[in-house]
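# next input, structure requested:
(chains A, B, C and D)
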Protein chains: 2
Amino acid sequence: MNKPSSTAMAVERLRNLIFKGELPPGSDHLETELAAQLGLSRTPVREALLVLESQGLVDVRPRKGVRIRPISPKDMAEIYDVLTELESLAARRAAEAGHDAEALAPLARSIDNMDRALASEDREAWASADDQFHMELVRLGQNARIASIVQMMADQVRRARQVTLYMRDPPLQSNDDHRRVLDAIASGAPDKAAQLHRAHRDAAKATLIALLETHQLKQL
Amino acid sequence: MNKPSSTAMAVERLRNLIFKGELPPGSDHLETELAAQLGLSRTPVREALLVLESQGLVDVRPRKGVRIRPISPKDMAEIYDVLTELESLAARRAAEAGHDAEALAPLARSIDNMDRALASEDREAWASADDQFHMELVRLGQNARIASIVQMMADQVRRARQVTLYMRDPPLQSNDDHRRVLDAIASGAPDKAAQLHRAHRDAAKATLIALLETHQLKQL
DNA sequence: GTATGCGTTAATGTATACATTAAGCAGGAA
DNA sequence: TTCCTGCTTAATGTATACATTAACGCATAC
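Numbers count the residues shown, from 1 in each chain, chains lettered A, B, ... in the order given. Predicted coordinates for the structure are as follows:
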């Protein structure tokens, strides 16, 4: 049990504040205030902000405070493009790797979780299981760099999903997609896995962008 | 003309030291020593190291010094996979964007530069022009996130290329590839551009990995 | 001889003091 | 008024002092 450093804690706490919307997108904050809020000195907070900046969550703008980076529809499109490419490759590699049922169990479990969440209309649970699915998928793809980039991009759109979660119909189609991707991976069909996942992601992108336009959400 | 901060300078100087091999892969360095070497206090150096860590160039290992991250053949394969996917998408988007000849001029120029470098057998110049080509390509792809990821990954393999630059035959084939990608982009053929570039990258990956195996280079 | 545990110490983690800088305002000239 | 100029000051950038911690060696017990 390693004691986490103040910097690491600051990163975690600031991330949570951002995701919970307590530090809203577009808002500015002084290092000093954030430090006071977290009960730390500026040093670890500064270091945390540097990390968060490298993860694309904030912009450090000297003398104007750190800005919680807002996500525009264009950003969203960029991010989905990256996710589509890299996750599809991960699906391909996962299929090539010949994972057995045991290795695929977590992925299957995440799909079950989504089913359950849909049945009980628990959208938070669904979102969390969806995260789990995508995380597992890239883990199975066995490329650490892809996994970490995907994680970063997913973080960046997390707020946006939170907002849209209750705006759209329950994503019933989505889980069929997931299951088919899993089948393709289990049966060792790389091309099919990649292609199915790509289609899944493209559909998700289109849905989300349409939602944002409908609701005139210019930034989140 | 903005005065760069010490942290920014430290990032730059450390990057250069790493690329030039003065901080060799796998070597460990104390914050204090690096600070002394750069004539700075620990603070900006620490911040610089945090940035470099987020870019995958070093590992900060408490009490053991920062390690200049070595790249293994497996790392190389991971990185090339990411580059292949993202640059191919960039090529596709560039073709879709309908850039005119003027917009494509820098890309064309980089190809000319490679030709010239090949003719005069100047491999450093070739490498630099090759960088320019890939940088321009992702710029034309109009996805800032792809551009920055590609930049990061390219940095990570820079040392390796430096080593292999003189080990292999002059990359004559390579420039035909580049020209065909440019043509596909210029003529607005997204699928073709993406596919050509993908093939180009796959070939490069295979060549490089083979080289590393032949020479038993386990890490760079 | 080996293993265990404690003390030393060197390195990092954190706080704070200090330097620098640019944003904004006040005051005066055009 | 409007535009410049220089001052003020608040915020960040940097250095340094101080606290904490984990690695290592040495002593001691078995």
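# please parse chain A into its domains.
The record, using automatic domain parsing to delimit domains, assigns chain A the ranges A:6-68, A:73-214.
# list the contacts of A:Val11.
With contact taken as C-beta atoms under 8 Å, 6 or more residues apart in numbering or on different chains, A:Val11 is in contact with A:48, A:51-52. (Glycine included, C-beta is placed from N, CA and C.)
# the same query, at a cut-off of 10 Å, please.
The neighbours of A:Val11, taking C-beta atoms under 10 Å, 6 or more residues apart in numbering or on different chains as the test, are A:4-5, A:44-45, A:47-52, A:55, A:57.
# which stretches of chain A have low pLDDT?
For chain A, applying pLDDT under 70 flags the ranges A:1-2.
# so which bits of it are right by DNA strand C?
Counting by C-beta under 7 Å from any atom of the strand, chain A comes close to DNA strand C at A:5-7, A:40-44, A:62-64.
# take those residues and keep only those in helices.
When DSSP state H is applied, the residues of chain A next to DNA strand C are split such that A:6-7, A:42-44 fall in helices.
# can I get the residues you listed in JSON lines with distance to B:Glu85?
Compiled in JSON lines, those are given as follows (distance: C-beta to C-beta, whole Å):
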{"residue": "A:Ser6", "distance to B:Glu85": "37"}
{"residue": "A:Thr7", "distance to B:Glu85": "32"}
{"residue": "A:Arg42", "distance to B:Glu85": "40"}
{"residue": "A:Thr43", "distance to B:Glu85": "38"}
{"residue": "A:Pro44", "distance to B:Glu85": "36"}
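# okay, those in TSV with distance to A:Ser187 and neighbour count next?
Below are these laid out as TSV (distance: C-beta to C-beta, whole Å; neighbours: other C-beta atoms under 10 Å in any protein chain shown):
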residue	distance to A:Ser187	neighbour count
A:Ser6	49	17
A:Thr7	45	19
A:Arg42	55	14
A:Thr43	53	16
A:Pro44	49	18
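# any chance of these in TSV, plus distance to DNA strand D?
Compiled in TSV, those are given as follows (distance: C-beta to the nearest atom of the strand, whole Å):
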residue	distance to DNA strand D
A:Ser6	10
A:Thr7	13
A:Arg42	7
A:Thr43	6
A:Pro44	11
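# buried subset of the contacts of A:Val11?
Buried by 16 or more other C-beta atoms under 10 Å in any protein chain shown: A:44-45, A:47-52, A:55, A:57, out of the contacts of A:Val11.
# nearest to B:Ala189, of the contacts of A:Val11?
Within those, the smallest distance to B:Ala189 is 35.7 Å, found for A:Gln55 (C-beta to C-beta).
# which residues touch the closest one?
When contacts are counted by C-beta under 10 Å, 6+ apart, A:Gln55 touches A:11, A:15, A:69, A:148, A:151-153, A:155-156, B:54.
# adding secondary structure, write these out as JSON lines.
Formatted as JSON lines, those follow (DSSP: H, G, I helix; E, B strand; the rest coil):
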{"residue": "A:Val11", "secondary structure": "helix"}
{"residue": "A:Arg15", "secondary structure": "helix"}
{"residue": "A:Arg69", "secondary structure": "coil"}
{"residue": "A:Ser148", "secondary structure": "helix"}
{"residue": "A:Gln151", "secondary structure": "helix"}
{"residue": "A:Met152", "secondary structure": "helix"}
{"residue": "A:Met153", "secondary structure": "helix"}
{"residue": "A:Asp155", "secondary structure": "helix"}
{"residue": "A:Gln156", "secondary structure": "helix"}
{"residue": "B:Ser54", "secondary structure": "helix"}
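# with distance to DNA strand D added, can I get those in a markdown table?
A markdown table is the format used below for the contacts of A:Gln55 (distance: C-beta to the nearest atom of the strand, whole Å):
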| residue | distance to DNA strand D |
| --- | --- |
| A:Val11 | 17 |
| A:Arg15 | 19 |
| A:Arg69 | 15 |
| A:Ser148 | 24 |
| A:Gln151 | 25 |
| A:Met152 | 23 |
| A:Met153 | 26 |
| A:Asp155 | 23 |
| A:Gln156 | 22 |
| B:Ser54 | 16 |
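# get me the contact residues on chain A for DNA strand D.
So far as C-beta under 7 Å from any atom of the strand goes, chain A lies against DNA strand D at A:2-3, A:30-32, A:42-43, A:46, A:60, A:62-63, A:65-66.
# which residues sit in contact with A:Ser174?
A:Ser174 neighbours (C-beta under 10 Å, 6+ apart): A:114, A:118, A:126, A:130, A:133, A:200, A:203-204, A:207.
# which among the residues you listed count as buried?
Using 16+ other C-beta under 10 Å as the threshold, A:114, A:118, A:126, A:130, A:133, A:200, A:204, A:207 are the buried ones among these.
# could I get the phi/psi values of A:Leu38?
Torsion angles at A:Leu38 (phi, psi; degrees, to the nearest 10) stand at phi -90, psi 0.
# likewise for A:Asp28?
Per degrees, to the nearest 10, the backbone of A:Asp28 is at phi -110, psi 150.
# what's opposite it in the beta bridge?
Listed by DSSP bridges, the beta-bridge partners for A:Asp28 are A:Arg67.
# so it makes contact with A:Pro70?
No. The criterion here is C-beta atoms under 10 Å, and A:Asp28 misses it with A:Pro70 at 11.5 Å.
# overlap of the contact sets of these two?
A:Asp59.
# which helix or which strand is home to the residue sitting nearest the centre point of chain A?
Nearest to the geometric centre of chain A sits A:Ala154, at 2.0 Å (C-alpha atoms, centre = their mean). Per DSSP states H and E: A:Ala154 is located in helix A:144-164.
# filter the ones in helices among the residues of chain A next to DNA strand C by proximity to chain B?
A:7, A:43 (C-beta under 10 Å from any C-beta of the partner chain).
# for A:Ala144, state which of the ones in helices among the residues of chain A next to DNA strand C is nearest.
Once C-beta to C-beta is applied, the member of those that ends up nearest A:Ala144 is A:Thr7, at 22.4 Å.
# closest residue of chain A to chain B?
The minimum distance from chain A to chain B, using C-beta to the nearest C-beta, falls at A:Ser54 (3.7 Å).
# that residue is in contact with A:Ser148, isn't it?
No. Using C-beta under 10 Å, A:Ser54 makes no contact with A:Ser148, being 11.5 Å away.
# quick one, which of those two is more surrounded?
Each of A:Ser54 and A:Ser148 has its neighbours counted (other C-beta atoms under 10 Å in any protein chain shown); A:Ser54 has more, 16 against 13.
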